[in-house]
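Peer 1: I would like the atomic coordinates for the input below:
(one chain, ligands or ions: 1)
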Amino acid sequence: MQTTPRKRFGQHFLHDLGIIDQIVRAIDPQPEDTLIEIGPGLSALTRPLLWRVPKLTAIEIDRDLVAQLRQHPDLQSLQIIQADVLEVDFKQFGDRLRIVGNLPYNISSPLLFHLLQYVDQVQDQHFMLQKEMVERMAAQPGSRHYGRLSVMLQAKYRMMPLFDVPPEAFDPPPNVMSAVVRMRPLSAKRRVDPKNEAVFAQVVARAFSQRRKMLRRVLADWQQWIDWQALDAKDSLRAEQLSVAQFIALSDQLTPHLA
Ligand code: SAM
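Peer 2: Predicted coordinates:
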């Protein structure tokens, strides 16, 4: 298969066989899995995945690549959906989904938020992303990488950064280091859902809108409804010092007033 990589679709094709093998082993596909690949590209991951599972669904935006994938003799059992993944409704795929992909870096953040709404249908997700993005996803309170993305994702998933991938593994090479991350939805026992997801998202976004400022200033309009003591926190804290559980408790305090 041949194509000129398209920048607007974030196309960096994996060609390092060692890395491809490492990713497939990390996914550890089983014949009964419902596997969905985002952005199969030239099928670097798609083919080795199809050696291990009888069926695979792939979502690809690039019409020319889709046409090539459809012709490929090794990919006859591949179900290809030609679409922008941000517009795909994952409800149609059923439960216990295993979602994988070497993601287009230009849409990785909106994509992770898009997939958040299907978390209850997911078994796990394995993604290649910019290393800096993986650091933000997995960051703990107090770290400079800890922010809105960390809180929103860690409220629903356990994040496991697996290994780094250097630019030379791709053609063309990106300007940054990449990394592979495993995301597993938290078990019912470990997950505490906010009373209102929209309020939670609003509170987290507002708190991190000025991360250097004390929360008492950033959340000044809502101050009258916040019981800092019940949160086991001081109002002199900044957003980056509040745990995910504290953000959920804060949003629950504010829900009667903001919902
Ligand atoms: N999986 C291939 C590999 O590892 O070599 C290609 C990875 S490349 C980084 C990202 C792929 O996602 C490209 O094939 C690109 O066309 C596709 N893509 C980009 N934006 C997309 C979108 N919004 N929806 C679906 N696929 C997209």
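Peer 1: can you measure across stretch 38-46, start residue to end residue?
Peer 2: 10 Å (C-alpha to C-alpha, to the nearest Å).
Peer 1: what's it in contact with?
Peer 2: 1, 3, 9-11, 13-15, 20, 23-24, 37, 56, 58-61, 65, 68-69, 72, 74-75, 78, 80, 85, 99-104, 111 (C-beta atoms under 8 Å, 6 or more residues apart in numbering). Glycine gets a C-beta too; all of them are placed from N, C-alpha and C.
Peer 1: now the stretch 151-259 of the chain against the ligand: closest residue?
Peer 2: Nearest residue of the stretch 151-259 of the chain to the ligand (C-beta to the nearest ligand atom) works out as Phe170 at 7.2 Å.
Peer 1: just checking, that residue touches Phe13?
Peer 2: Yes: using C-beta atoms under 8 Å as the test, Phe170 is close enough to Phe13 to be in contact (6.3 Å).
Peer 1: of the two, who's got more company?
Peer 2: Phe170 (21 against 17; other C-beta atoms under 10 Å).
Peer 1: show me the contacts for the more buried one.
Peer 2: So Phe170 contacts 12-16, 178 (C-beta under 8 Å, 6+ apart).
Peer 1: give me that answer again for 6 Å
Peer 2: Shown in contact with Phe170 (C-beta atoms under 6 Å, 6 or more residues apart in numbering): 12, 14.
Peer 1: hey, what's it bridged with?
Peer 2: Per DSSP bridges, the residues bridged to Phe170 are Leu14.
Peer 1: try the one 10 residues further on
Peer 2: With beta bridges defined as DSSP bridges, Val180 has these partners: Met128, Phe163.
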